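Student: Got a predicted structure here, sequence first:
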Amino acid sequence: MKTGNLVGRLLLMVAGFAAAWLVTAIGVNRMSRNVAFEPIGPIAAMPSLEGDALSVTIWNLGYAGLGAESDFSVDGGKNYLPPSSAVTRKNLQGIERELDATSADVILLQETARASLLTRGADSVSAAGKALKGRDNAFSADFATRLMPPPFRARHGLFSSVGVGGAKREIVMLPLEPQYILGMTQRHYHLQVVRLPAPGGDWTVVNLHLSAFDEGANVRLEQLRAVMAFAQAEFAEGRRVIIGGDWNYEFHRPDRPYTTEEKYLFWVHPFPYEELPKGWSVAIDRETPSVRTNERPYVKGENFTTVIDGFVISPNVRAESVKARDLDFQYSDHQPIDARFVAVK
């Protein structure tokens, strides 16, 4: 057999295997619907919740790739990846410091991620687990690629950390966007539900991250209605309900200067307050923006900023304080928010 023919046959075999793998990978990713908790680190002995108060912190970490130096193509920027691994390391270090200084009873994080090409190797799931060592920590992926080799393997999602004993967890699925990412997989939107026993009545704390780029915010509205249906059922059982995270709805727009063009605000939609059942309320920091736009790296007074991160609470809960930490978007395109809630009759 001539050398040229042998090489040609080998190339055809390789191409055939590659095509078969690609078809299999697409099929597996399209059919996968499983979302499950992944415990992060060992749990130390923790005290039971006492009294009628609960402290909660929320923060979208931007997978450690959307600090001040970054823009993002989906938001109208030029780049899909963070500027460098040095930048994501800087972001991770800042995230770890902030989480290490956080002692809330429940910490709800969004856009945490395992190391991948998109994060330039930054593993914010491990970083959060390290900073919150000894607490009851769990991660669940809303975006994951299967049968993909590193660095194309990706797992992004929600992370919840509980600092009191007796927590029970549940995953609740939400409506999905119809389109597939890269023609391969959908983002599996879901709620991380944490139920906590307490002497005066149990708490249900919900971690969420709603759709951001759905046409006309139609999927967002479906998701919001599903969230509130679940929350009302919890409230009907006598529980105190707190829903926190990145709603991707504008709760309030602080009076801050910006030069962002309107075309980059295509994703901004006002929160539909009329969807809240009677007695339910929103708890936000109205003075400090929680998110900035990513059409360019961050410059104060230039990027548009607003409030899309916050809480919705049931009628038997009152927000005693809600305060965003103004980190000037150095480590993420979102700011952490600390809140304290008390039960009311």
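Tutor: Looks like it arrived, so ask away.
Student: Write down the beta-bridge partners of the residue sitting nearest the centre point of the chain, one by one.
Tutor: By Cα atoms, centre = their mean, the chain has its centre lying nearest to Q110, at 2.0 Å. Taking DSSP bridges as the rule, Q110 bridges to N60.
Student: Does V317 touch V241 like I think?
Tutor: Yes: with contact defined as Cβ atoms under 8 Å, V317 counts as touching V241 (6.8 Å). From N, CA and C alone the C-beta is placed, and that goes for glycine too.
Student: does R169 count as helix, strand or coil?
Tutor: What DSSP: H, G, I helix; E, B strand; the rest coil gives for R169 is strand.
Student: contacting residues around it?
Tutor: R169 makes contact with 37, 138, 160, 192-195, according to Cβ atoms under 8 Å, 6 or more residues apart in numbering.
Student: the strands in the stretch 201-345 of the chain, which residues?
Tutor: Under the criterion DSSP state E, counting those that start in this stretch, strands of the stretch 201-345 of the chain are mapped to 203-209, 240-246, 281-283, 291-292, 305-306, 309-313, 317-324, 337-343.
Student: actually the stretch 51-200 of the chain, sorry about that
Tutor: 53-60, 106-113, 136-144, 155-162, 168-173, 190-196.
Student: Dump these into TSV; add mean pLDDT and distance to E215 as well.
Tutor: TSV is the format used below for these (pLDDT from 0 to 100; distance: least, Cβ to Cβ, whole Å):
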stretch	mean pLDDT	distance to E215
strand 53-60	98	22
strand 106-113	98	22
strand 136-144	94	19
strand 155-162	96	22
strand 168-173	98	21
strand 190-196	98	21
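Student: Save those strands as JSON lines, and put in distance to V312 too.
Tutor: Listed next are these as JSON lines, based on distance: least, Cβ to Cβ, whole Å:
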{"stretch": "strand 53-60", "distance to V312": "12"}
{"stretch": "strand 106-113", "distance to V312": "13"}
{"stretch": "strand 136-144", "distance to V312": "19"}
{"stretch": "strand 155-162", "distance to V312": "17"}
{"stretch": "strand 168-173", "distance to V312": "15"}
{"stretch": "strand 190-196", "distance to V312": "12"}
